[in-house]
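Asker: I would like the atomic coordinates for the input below:
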Amino acid sequence: MRHRKKGKILSRKIGPRKALFKDLACALVLNDKIKTTEAKAKAVKPIIERLISRGKVNNLDNLRKINSYLQNKKATDKILQELGPRYQERNGGYLRIVKIGDRRGDGAPIVILELV
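Answerer: Sure thing, here's the model as predicted:
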């Protein structure tokens, strides 16, 4: 039973799941919007919001923490130099999930995850 367990499993083992979340977060930061399934979007949303909140203060510790998760220099620089100052006055809620319908093959709900 999954009593008191946090997070979504998404039918993956821990390694592929972490890689999926890292890739989705990196793609969203670099492109400002991505199209994915609703379950993946809801699972990765708190991760990205934490990274952007950390990027509001541009110091060495935050640079290292963001870079240790994303492992992409361009995405890290964009969070610290562009997204952090953009959302300086905002207290969370940096992302929007817009439903666009169902996927044709298996009927999975597809959404657009975008920065506000």
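Asker: so where do the strands sit in the chain?
Answerer: 33-37, 95-102, 109-115 (DSSP state E).
Asker: Dump the ones you listed into JSON lines; add mean neighbour count as well.
Answerer: In this view, the C-beta of every residue, glycine as well, is placed from N, C-alpha and C. Shown next, in JSON lines, are the strands of the chain (neighbours: other Cβ atoms under 10 Å):
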{"stretch": "strand 33-37", "mean neighbour count": "16"}
{"stretch": "strand 95-102", "mean neighbour count": "12"}
{"stretch": "strand 109-115", "mean neighbour count": "17"}
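Asker: Format those as CSV; extra columns: distance to G55.
Answerer: Output for the strands of the chain, formatted as CSV (distance: least, Cβ to Cβ, whole Å):
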stretch, distance to G55
strand 33-37, 18
strand 95-102, 14
strand 109-115, 12
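Asker: As a markdown table, those with mean pLDDT and distance to K22 would be great.
Answerer: Converted to a markdown table, the strands of the chain look like this (pLDDT from 0 to 100; distance: least, Cβ to Cβ, whole Å):
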| stretch | mean pLDDT | distance to K22 |
| --- | --- | --- |
| strand 33-37 | 98 | 13 |
| strand 95-102 | 98 | 16 |
| strand 109-115 | 98 | 15 |
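Asker: got the residue ranges for the helices in this structure?
Answerer: 14-31, 38-54, 60-70, 73-78, 84-86 (DSSP state H).
Asker: just so I know, which of those helices lies nearest K6?
Answerer: helix 38-54 (9.8 Å; Cβ to Cβ).
Asker: any idea of the angle the closest one forms with strand 95-102?
Answerer: Angular relation of helix 38-54 and strand 95-102 on a 0 to 180 degree scale: 170 degrees, by axes from the mean of the first three to the mean of the last three Cα atoms, to 10 degrees.
Asker: quick check, distance from helix 38-54 to the centre of its chain.
Answerer: 4 Å (Cα atoms, centre = their mean, to the nearest Å).
Asker: Just the buried residues of it, please?
Answerer: 38, 40-41, 43-45, 48, 51-54 (16 or more other Cβ atoms under 10 Å).
Asker: quick one on the thing from earlier: could you export the helices of the chain as JSON lines, including distance to G92 and mean pLDDT?
Answerer: Putting these into JSON lines (distance: least, Cβ to Cβ, whole Å; pLDDT from 0 to 100) gives the following:
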{"stretch": "helix 14-31", "distance to G92": "16", "mean pLDDT": "97"}
{"stretch": "helix 38-54", "distance to G92": "6", "mean pLDDT": "97"}
{"stretch": "helix 60-70", "distance to G92": "17", "mean pLDDT": "97"}
{"stretch": "helix 73-78", "distance to G92": "19", "mean pLDDT": "98"}
{"stretch": "helix 84-86", "distance to G92": "13", "mean pLDDT": "96"}
